[in-house]
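Participant: Predicted model and sequence below, questions to follow.
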Protein chains: 2
Amino acid sequence: MKNRQWLLARRPQGALQDSDFTFVETEAPAAGEGEALVRNLMLSCDPTQRAWIAGDTYLPAVKIGEVVRSFGVGRIEQSNLPDFKPGDIVLGLVGWQDYAAMKPAGLTKLPPGAPIELAMGVLGMIGMTAYFGLLDVGRPKEGETVVVSGAAGATGSLVGQIAKIKGCRVIGIAGGAQKCRWLTHELGFDAAIDYKADDVKARLKELCPKGIDIFFDNVGGPILDAALARLAMRGRVVLCGGISSYDTAEPPPGPRNYLNLVSKRGRMEGFLVTDYMPRAAEAIGALAGWIKAGKLKYRVDMQQGLENAPATLRRLFEGKNEGKQLLRVAD
Amino acid sequence: MKNRQWLLARRPQGALQDSDFTFVETEAPAAGEGEALVRNLMLSCDPTQRAWIAGDTYLPAVKIGEVVRSFGVGRIEQSNLPDFKPGDIVLGLVGWQDYAAMKPAGLTKLPPGAPIELAMGVLGMIGMTAYFGLLDVGRPKEGETVVVSGAAGATGSLVGQIAKIKGCRVIGIAGGAQKCRWLTHELGFDAAIDYKADDVKARLKELCPKGIDIFFDNVGGPILDAALARLAMRGRVVLCGGISSYDTAEPPPGPRNYLNLVSKRGRMEGFLVTDYMPRAAEAIGALAGWIKAGKLKYRVDMQQGLENAPATLRRLFEGKNEGKQLLRVAD
């Protein structure tokens, strides 16, 4: 059994290139003592992967020569673990490869028949990120104005819809007329700003005459600065990520308008969804209910083939993905 | 009766210059209907005054041709107000002038015999800023590591001492060996970093091996960035001000390391002491008690003469003041 693997060839300098990775073929491992062998079916592409290969973050950096770290879903092929049997569908940090020998601590079993796309999207980390980031860190109140950056992305599109469910006015910032139309026409956002065509500062001023109560930021850079400048009294900036700084050798300057947090008694706070795992059932219950009620829509952007892993990850930084970016590696 | 006044001549570009102001002599006003005439005795010099003349902040900008806005203490000379009589000592936004006609809403009467220096320092806005900023926004726990920038300034020196009273390990960042010695030898700080001589990043790494639990920032710029890089898990950045950006035409870039708030689940929060006025008695009671018990020391840097108002304000941005900067204008 052959195992194709993408290894990290070097720390990327600037925008990701194919040459940052090496595509190799080795023998598939066997499940060792206390391990199960997983056949990867679908990989998740997430902005945070760019940070994992750049250096130490909340996880240690992927080492040069190691398999590129990635969430994914697979099927157990062999198992030396009492709780996992062949055929089980599992979620974990399986990496950019066909087969992974996994220890039980890193594996979550999915219920039989569960749609894999949902487990890596709206009913997985992404959904929980939107749910806890907005509700727990942002603490929206009915009638408040919520602005979301990266609004057509996997997380941003859910954040905006949850804010609508909670009775807020919601403005999304996204790249391109098509994405903006999706936000306002299909997802029910009150307005959208196309950062590629519009003057973001001027549009925020028009659309948020009383200021921004919650800014949910996935992007950073000049968009964060523009939002800080329009912060309402006691406004909150929920820091989810800063994709504008991930895939570049010269990150954009920090937010010069951060001192507006003083005049506006504002709060800027970061979070990681992993801290909320003990409350996962609460989020998944709510999200599944909203999907069933037709209040929460999502879109999956499915690409094909392990050989396309670097190109698929790059779609996130090129703003090409529409909704949650996934890569199918086997059926 | 002559009234000397400093008027704002233009919006400052870069570092404050004498020519940003005009020194004029007019007739002193009489107390109008519903006003009292105040003879100014002592003016407070505060970093926020630089922002008040630069543009709109939490207060509207001082207009060109208006008297420069300043807190100060004076003596009532004439009064058409039932609650104020000649001889009363009052605190208010009296401005850079000898005499001010004031309405009652802007005046606070000081108890007879109260030391004026304390009313504009440790038992006034400054003391309350340190008290509420550290305790209410920062929420220190015993044993935590607290780092203060502008640590030899009026606010910073109190913040560090209150943190010590609350059982924290305290490191101050200040400019010059003499200020640093004052922090460690007289105020009981555990360590001090001289940002003019030391590598702040390297020293923070040495002195905070487990990271910074609370960073109380008066400065901004590269010092804020260095502190963000060393933030401990669930660290808090209390934004009090950013003096490094006030007196310059080209403010320093924003804090590039703000994304560390995500990995560390950190919080960066601004505040204004005016919001805490309903709790003033709590703070003043605690501060007065600590002074009496010898646990809280303060230093007043007293300059002389209204004609020196611009030069005295500049001392703050030149890092020359040692403790609370005041200007005596009459006995």
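Facilitator: Structure's in. What do you need? Numbers count the residues shown, from 1 in each chain, chains lettered A, B, ... in the order given.
Participant: Show me where chain A has its helices.
Facilitator: A:48-54, A:116-119, A:125-132, A:154-165, A:177-181, A:200-207, A:221-229, A:260-263, A:280-292, A:309-317 (DSSP state H).
Participant: How about the residues of the stretch 101-250 of chain A by chain B?
Facilitator: Within the stretch 101-250 of chain A, the positions lying close to chain B (CB under 8 Å from any CB of the partner chain) are A:220, A:225, A:239-242, A:245. In short, each C-beta sits where N, CA and C put it, glycine included.
Participant: Adding neighbour count, write those residues out as JSON lines.
Facilitator: Converted to JSON lines, those look like this (neighbours: other CB atoms under 10 Å in any protein chain shown):
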{"residue": "A:Gly220", "neighbour count": "24"}
{"residue": "A:Asp225", "neighbour count": "20"}
{"residue": "A:Leu239", "neighbour count": "26"}
{"residue": "A:Cys240", "neighbour count": "27"}
{"residue": "A:Gly241", "neighbour count": "25"}
{"residue": "A:Gly242", "neighbour count": "26"}
{"residue": "A:Ser245", "neighbour count": "21"}
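Participant: re the thing from before, highest average neighbour count across the helices of chain A?
Facilitator: helix A:154-165 (a mean of 27; mean count of other CB atoms under 10 Å in any protein chain shown).
Participant: just how off-centre is it within its chain?
Facilitator: 13 Å (CA atoms, centre = their mean, to the nearest Å).
Participant: Stretch A:259-273 too?
Facilitator: Mean C-alpha position of stretch A:259-273 versus that of the full chain (CA atoms, centre = their mean) differs by 21 Å.
Participant: Kindly report the same for stretch A:104-120.
Facilitator: 17 Å.
Participant: pLDDT of it, averaged?
Facilitator: The average pLDDT for stretch A:104-120 rounds to 88.
Participant: picking up where we left off before, rebuild the helices of chain A as CSV, extending it with distance to B:Phe21.
Facilitator: Below are the helices of chain A laid out as CSV (distance: least, CB to CB, whole Å):
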stretch, distance to B:Phe21
helix A:48-54, 49
helix A:116-119, 65
helix A:125-132, 52
helix A:154-165, 48
helix A:177-181, 49
helix A:200-207, 32
helix A:221-229, 29
helix A:260-263, 24
helix A:280-292, 58
helix A:309-317, 50
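Participant: related to what we said a few turns ago, could you list which of the residues of the stretch 101-250 of chain A next to chain B belong to strands?
Facilitator: Judged by DSSP state E, the subset of these located in strands is A:Leu239.
Participant: Looking at the residues of the stretch 101-250 of chain A next to chain B, which has the smallest pLDDT value?
Facilitator: The lowest pLDDT within those belongs to A:Ser245, which sits at 89.
Participant: Once you drop chain neighbours, what's closest to it?
Facilitator: Leaving aside its chain neighbours, A:Ser245 sits nearest to A:Pro251 (3.9 Å; criterion: CB to CB, 6 or more residues apart in numbering or on different chains).
Participant: what about the one you found, neighbour count?
Facilitator: 15 (other CB atoms under 10 Å in any protein chain shown).
Participant: Likewise for the one 4 residues further on?
Facilitator: When counting by other CB under 10 Å, one arrives at 28 neighbours for A:Pro255.
Participant: Equivalent analysis for the one 3 residues further on, please.
Facilitator: The number of residues packed around A:Tyr258, counting by other CB under 10 Å, is 25.
Participant: Hmm, it is touching B:Pro255, no?
Facilitator: Yes. Under the criterion of CB atoms under 8 Å, A:Tyr258 makes contact with B:Pro255 at 6.2 Å.
Participant: so who does A:Leu207 touch?
Facilitator: Shown in contact with A:Leu207 (CB atoms under 8 Å, 6 or more residues apart in numbering or on different chains): A:171, A:191, A:193.
Participant: Tabulate those (JSON lines), appending neighbour count and pLDDT.
Facilitator: Shown next, in JSON lines, are those (neighbours: other CB atoms under 10 Å in any protein chain shown; pLDDT from 0 to 100):
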{"residue": "A:Ile171", "neighbour count": "25", "pLDDT": "98"}
{"residue": "A:Ala191", "neighbour count": "17", "pLDDT": "98"}
{"residue": "A:Ile193", "neighbour count": "27", "pLDDT": "98"}
